[in-house]
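> the following comprises the amino acid sequence and a computationally predicted model.
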Amino acid sequence: MKIITSITDMQQTALSLKRAGKRIAFVPTMGFLHEGHASLLREGRKRGDCLLLSIFVNPIQFGPGEDLDRYPRNLEGDCAIARECGVDFVFTPTAAEMYSTGFQTSIRVKDLARPLCGSSRPGHFDGVATVVAKLFNICQPDVALFGKKDFQQLAIIRRMTTDLSLPVEIVGMPIVREADGLAMSSRNAYLSPEQRQSALCLSRAIHLVRERHAAGERSAARLLEAARGLILAEPAATIDYLELRDADTLETVPTASDTTLMALAVKIGTTRLIDNTVLGDET
Ligand code: PAF
């Protein structure tokens, strides 16, 4: 496994792999890898001749007062997981390498970036779209894999890939959960043991809504009310958003169906966690 920090080296390597007829699978991450990332890497290993992982905590997708400075990092641990998953190249540039002096071009995402995380994190998805487009140009993937935990991010990346005619197949992979239901996230590392327990209210709210939907409840208002009650019973939790929306357009729906997305962001103490489900999907 080779570690590359320079954009030119990574791009030259990727271009020569392509010229040699290799299919490149790519998993972009911000590091502090967990089982969710490992599932993307294992799938990537199957889908490409060559597997590339990027680790880059992207400053332009963090707003003022967010957790850029304390975002967890562990390059050594990440490399051990990467090796186990059969990664061939790890691209891990510095912020100065990615955003050289004078950087001023970015991608602006419209409607899909407005609701949910976009409304509480203004500019976040422009930062995500910009870095992903840049990483695609550097790493030249044929296929790129993203987790469905960041459902809106995945929808935006799919849209951007179509809108900008990027020759990359986008694959969305299922959320990986701990045994007790908590969706895996690098930010779970911020939680104390008590907060870790409180954080279960997100997956429990999802479970409750899925159950009620499966039992025939279709009123979005009633489903949301039940979820809200469950979360607010948890003193450490404050709801950032809790919504039912169409899984394709991300528009709000008065009536739930199998293609309805339930998405929520909840703060446990100061840690903001997100989770989601599509009501008709298996998990
Ligand atoms: O999902 C993430 O880890 C990041 O948003 C991504 C896609 C690597 C862009 O920085």
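Received it, and whenever you're ready, just let me know what you need.
> check contacts around residue 53.
The contact partners of residue 53, by CB atoms under 8 Å, 6 or more residues apart in numbering, come to 26, 27, 29, 41, 82, 87, 89, 90, 91. For the C-beta atoms, the positions are set from N, CA and C on the backbone; glycine is no exception.
> also near the ligand: which of the residues you listed, exactly?
When CB under 6 Å from any ligand atom is applied, the members of those adjacent to the ligand are residue 29.
> let's see which of the contacts of residue 53 end up in helices.
In helices, judged by DSSP state H, the following of those are found: 41, 82.
> quick check: the residue of the stretch 151-283 of the chain nearest the ligand.
residue 153 (5.8 Å; CB to the nearest ligand atom).
> with adjacent residues omitted, what lies nearest to that residue?
residue 128 (5.8 Å; CB to CB, 6 or more residues apart in numbering).
> ok, now which ones touch the residue of the stretch 151-283 of the chain closest to the ligand?
Taking CB under 8 Å, 6+ apart, one finds 117, 125, 128, 146 in contact with residue 153.
> one step back: got the contacts of residue 53 as a markdown table, with neighbour count and pLDDT columns?
As requested, the contacts of residue 53 are exported to a markdown table (neighbours: other CB atoms under 10 Å; pLDDT from 0 to 100):
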| residue | neighbour count | pLDDT |
| --- | --- | --- |
| 26 | 28 | 99 |
| 27 | 32 | 99 |
| 29 | 23 | 98 |
| 41 | 22 | 99 |
| 82 | 25 | 98 |
| 87 | 23 | 99 |
| 89 | 23 | 99 |
| 90 | 23 | 99 |
| 91 | 25 | 99 |
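> out of the contacts of residue 53, who's nearest residue 233?
residue 29 (34.0 Å; CB to CB).
> which of the contacts of residue 153 are close to the ligand?
Okay, of those touching the ligand (CB under 6 Å from any ligand atom), that's residue 128.
> which bits of the stretch 151-283 of the chain sit near the ligand?
Going by CB under 6 Å from any ligand atom, the residues of the stretch 151-283 of the chain near the ligand are residue 153.
> redo that, cut-off 8 Å
153, 157, 186 (CB under 8 Å from any ligand atom).
> quick one: pLDDT of the second one?
Among the per-residue scores, residue 157 holds a pLDDT of 98.
> same question for the first one.
At residue 153, the predicted lDDT confidence score is 98.
> how about the last one?
As summarised for this prediction, residue 186 has a pLDDT of 97.
> that one: what's it in contact with?
Applying CB under 8 Å, 6+ apart, we find residue 186 in contact with 30, 31, 32, 33, 34, 71, 72.
> select only the buried ones of those residues in PyMOL?
What follows is the PyMOL syntax selecting those of those that are buried according to 16 or more other CB atoms under 10 Å:
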select buried, resi 30+31+32+33+34+71
